[in-house]
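Novice: sequence and predicted model, in that order:
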Amino acid sequence: MKFIINEYPSVAEQTRRGILHRVPLRVAVAAVGILILGFLALGAYFIRPVDARSVDLQRVLNAPSFGHPFGTDEVGRDLGIRLLHGLRVSFAISILAAIVAILIGGLAGLVAGTLGHWVDSLFMRIVDFVSSQNHLLLGILLVVLFRPIMGGAAAIVLSVGMTHWTTMARIVRGELLSLRERPFISAAINGGANRLRLGWRHYLPHLLPSMGLGLVLLVPHAIFHESALSFLGLGLPPHQASLGNILADGRRSLLAGAWWTSFFPGGLIFIVVLGIGTVGEYLRDLLSPRWRSELEL
Amino acid sequence: MAPLLQVSGLSVRFRTPYGIVRALSDVQLTIHSGELLVVVGESGSGKTVLADTIFRLLPLNSEVRGSVRLDGKELLTLSPDAMRSVRSRSLALIPQSPGTALNPVRRIGTLLLEVARARGLSAKEGEEGLARGLDEVGLGWDSISRMYAHQLSGGMQQRVVNALAFVGTPDLVIADEPTSGLEDDLVDATVAQLKRIRGRGAAILVITHDLRFAQKLDGQIGLMYASYLVESAPSGIFFALPAHPYGRGLLQALPEHGGIPIPGSPVELTALPSCCVFAERCSVRKPRCFRESPPMYPVDGDNHRARCVLYAESERNQ
Amino acid sequence: MATITAPAVFCMLKANGISKRYWTRKGWVTALDNVSLCLPETGRVALLGPSGSGKSTLGKILSLLLRPDSGTVVLDGAPVLRWRTKTPPALRRQVQLVWQSPRLAVDPRMRIKQIILEPMAVQNLVPVKRAERATVLGRWTERVGLTDELLDRYPHEISEGQLQRACLARALIVQPRYLICDELSSMLDVSTQASLLAAIRSEQDRRKMGVLLITHDRILAMHWCDSIATLSLSRILI
């Protein structure tokens, strides 16, 4: 007699449809969307800048048409191509900025967690101070300070990096504090490890997943922050198109009735931020409770 | 007398990313009311899975074959509701790690009363029964009921959880490793408690890897190795001279008997051989042992069986 | 009449008046109260006592992983001044500890062979050539009874018993003068326990090493060890 009490597809079948079956629809859509946009952004390298900057005053502010699916802007440039470049620039800067934030935060958290005692307290007070400021205002201040010294792009990267490192610092420090108590760290010390070796060989590999996740979650923030700064005119110079810039330019023509110059850049910012955020949150929920769920007999 | 619990031909396997894990293979055992069966084996031998199967608490990727009858009723085909009612009225489980079994955000009294109510007792009866049960394990209802689980030591937590077996009138009590982490005097107390429960007419199934504890319980021993039940014998006979070579190896490994380890290491449950599972490590193996998987042979009367070709008719006559 | 007195035993590891308290929600809990213990450089000593009596604490202090509130630890004649990460490597090699739960005591992200070799790597003693490394590893896995094919696996892929063997190999690979086992096998079955103890014993036959076995199993202590110390209510009894 054979009873199958709990029906479950075989492992092969599970693998075949399991992954698609378990990922929510919105996450799959978001992931696909972001990938497409990413490819497009990379593809922007192949479109010669000339096309993007080809100003043709006879085609000023044309509504979306067959020749220019996204319309043209106030100096006649094809908006679609400009958006593509803008996407590339925004992606590049935001990812770079997020990486800087993660590195600063990670380092701060690592130092605070390892050295402990008064160093830890000092760092945490700094973290509290920075994170209690308004991101945007602080960001504006930093951009204004750095811009004359190192140019628009680097200023934005630094500005975003220095305002967003605090979350990562807290996370890393928290994880570090719990890691320190675990017996395998004592075992490593028993083997003779000093603090440097502990940090490099034992703490870091355990922290990398959180840092990677933090990176993914930080990118939408960075994009938004960068767009906001550029929109205010504090970001990149106008010839280096970024989504925020394009949006700022478009604002001026809005009253003239050209809706596409604001709608498409704004819409793109919205899509990118929402998309990356969705995927990032899904990954975060996936990784936190269930680390390794092997069957334990 | 009809048996209370009858398990026959029970095989359980799990589908995991590492392959198909055979947790139980062709297990057959019987327990009557008032009997005490001690299932002994190392971790990974399948003993916990046995308890989980009787309780129908298996995970989603499990596959079960065979029959488990409680009081004549087949448990494996019951509907979830029917099974739930069986669980609350006729079965009692003393879980393995009481620290994780007790809800940390509830007071002990609330938790215990919940179980009592599920067993069909009214609130008043529940309190009385629990007071008695806690008294049996040496704790006081008044002092314990208001505390939280984390305020008690491991030993006390184990005793609280043991007390649950006294509440209501379960027909079958399954105790999963009731002495892990307990010292000798508490182990003796647990033995006494279990014997008292048995005295009230319930049948008890104890799962343990602690051989000394098993010996003190003085019941029927069921030895498991690598998903098979390899020997079933009364306690006195088993500890004097086990029939199965694995049993002998285990006793020899005890420090008081020489501390001689069994050569080799336990078999992986994803790669069980089709011949005798113990053959690789057996000191008295024969060529025959690598060709066939032996069934349970009677050794000495009804109560003593062993899964070893040494006791096959053909071998005995030599 | 001349009296023959036995020569004074040289204490490889000595604890003098060790005290340690922990801060818990209920206030200060005294784990150890003025405990003194002399551990000879050969032989096997058992440390018995009920759970929570501070046996593990003493074990950690004696292996220089925990700093006592008061009292001193003398290792090989010299008092210990630096604890945990500050202990000089030369001193680290002398005392090694094996934990109760092997799963918690290994870095889950390292392979078994890396785990075993780690104490050597830290002391810069790992042979560079792969073949030599394999020989060293092979020697130790044989001594503790670990199957070679498990070396490339991760901890979550092997059983507790085998993991504990790996931990033992890790402790012995630096050839310590003293080995402390904290409830080595209370979570393991009898056969694995016997196997691990036999491995420790043969290591003691091979070279001079003392062993402290912290356990709550009285019968084991009586049959395997030469002398027994009992820790009760934070004090040593014998």
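Specialist: Perfect, I can see it now. Numbering: from 1, shown residues only, chains lettered A, B, ... in the order given.

Novice: spatially nearest residue to the closest residue to chain C within the stretch 151-297 of chain A, not counting backbone neighbours?
Specialist: Nearest to chain C, among the residues of the stretch 151-297 of chain A, is A:Gly191, at 3.5 Å (CB to the nearest CB). Every C-beta, even on glycine, is put in place using the N, C-alpha and C of the backbone. Excluding its sequence neighbours, the residue lying closest to A:Gly191 (CB to CB, 6 or more residues apart in numbering or on different chains) is C:Pro119, at 3.5 Å.

Novice: elements contacting the one helix or strand the one you found maps to?
Specialist: Using DSSP states H and E, C:Pro119 sits within helix C:112-122. Counting contacts by 3 or more CB pairs under 8 Å, 6 or more residues apart in numbering or on different chains; DSSP states H and E, helix C:112-122 packs against helix C:130-144, helix C:160-172.

Novice: hey, which of those is tucked in deepest?
Specialist: Sort these by mean neighbour count, taking mean count of other CB atoms under 10 Å in any protein chain shown, and helix C:160-172 sits at the top with a mean of 25.

Novice: next SSE after that one?
Specialist: Heading C-terminal from helix C:160-172, the first helix or strand you meet, by DSSP H and E, is strand C:178-182.

Novice: does the very next helix or strand once past that following strand come close to chain B?
Specialist: For strand C:178-182, the following helix or strand on the C-terminal side (DSSP H and E) is helix C:190-206. Yes. Using CB under 8 Å from any CB of the partner chain, helix C:190-206 reaches chain B at C:Val190, C:Ser191, C:Thr192, C:Gln193, C:Ala194, C:Ser195, C:Leu197, C:Ala198.

Novice: for chain A, state which of those is nearest.
Specialist: C:Thr192 (16.5 Å).

Novice: which secondary structure element of chain C has the lowest mean pLDDT?
Specialist: strand C:235-236 (a mean of 60; mean pLDDT, DSSP states H and E).

Novice: so what touches the helix or strand hosting C:Ala46?
Specialist: Taking DSSP H and E as the definition, C:Ala46 sits inside strand C:43-48. Outside of strand C:43-48, the residues within contact range by CB atoms under 8 Å, 6 or more residues apart in numbering or on different chains are C:39, C:55, C:58-59, C:204, C:210-216, C:218, C:220-221, C:224-231.

Novice: repeat that with 7 Å
Specialist: For strand C:43-48, the external contacting residues (CB atoms under 7 Å, 6 or more residues apart in numbering or on different chains) are C:39, C:55, C:58, C:210-216, C:218, C:221, C:224-231.

Novice: so which of the residues of helix C:190-206 next to chain B comes closest to A:Val32?
Specialist: A:Val32 has its nearest neighbour among the residues of helix C:190-206 next to chain B in C:Thr192, at 50.7 Å by CB to CB.

Novice: tell me how far the closest one lies from B:Glu42.
Specialist: For C:Thr192, the distance to B:Glu42 equals 8 Å [CB to CB, to the nearest Å].

Novice: okay, these two: which has more neighbours?
Specialist: Set C:Thr192 next to B:Glu42 and count neighbours by other CB atoms under 10 Å in any protein chain shown: C:Thr192 wins out with 26 against 22.

Novice: how many other residues sit next to C:Ile61?
Specialist: Neighbour number of C:Ile61 under other CB under 10 Å is 25.

Novice: what does the pLDDT read for it?
Specialist: Looking at C:Ile61, its pLDDT reads 87.

Novice: for A:His21, same thing?
Specialist: As predicted, A:His21 sits at a pLDDT of 49.

Novice: before we move on, what about B:Ile174?
Specialist: B:Ile174 is given a pLDDT of 91.

Novice: so which residue is smack in the middle of the chain?
Specialist: With no chain named, the answer covers chain A. The centre of chain A sits closest to A:Val219, judged by CA atoms, centre = their mean, with a distance of 0.9 Å.

Novice: try again with chain B
Specialist: B:Ile207 (2.8 Å).

Novice: might one say that that residue is in contact with B:Lys47?
Specialist: Yes. Counting by CB atoms under 7 Å, B:Ile207 touches B:Lys47, with 4.6 Å between them.

Novice: joint contacts of the two?
Specialist: Common neighbours of B:Ile207 and B:Lys47 (CB under 7 Å, 6+ apart) are B:Val39.

Novice: contact residues of the stretch 201-318 of chain B facing chain C?
Specialist: Contacts of the stretch 201-318 of chain B with chain C, taken as CB under 7 Å from any CB of the partner chain, map to B:209, B:211, B:249-250, B:253-256, B:259-262, B:265-266.

Novice: which of those residues sits closest to B:Arg198?
Specialist: B:Leu211 (19.9 Å).

Novice: show me which helix runs longest in chain A.
Specialist: As assigned by DSSP state H, the longest helix anywhere in chain A is helix A:79-115.

Novice: ok, residues contacting the helix or strand that that one is followed by?
Specialist: Per DSSP H and E, helix A:79-115 leads on to helix A:117-132 as the next helix or strand towards the C-terminus. Under the contact criterion CB under 7 Å, 6+ apart, helix A:117-132 has outside partners A:Ala108, A:Val111, A:Ala112, A:Thr166, A:Ala169, A:Arg170.

Novice: keep only those of those residues that are also close to chain B.
Specialist: Among the contacts of helix A:117-132, none lies close to chain B by the criterion of CB under 7 Å from any CB.

Novice: most neighbours among those residues, please name it.
Specialist: These, ranked by neighbours (other CB under 10 Å): first place A:Ala169, 27 neighbours.
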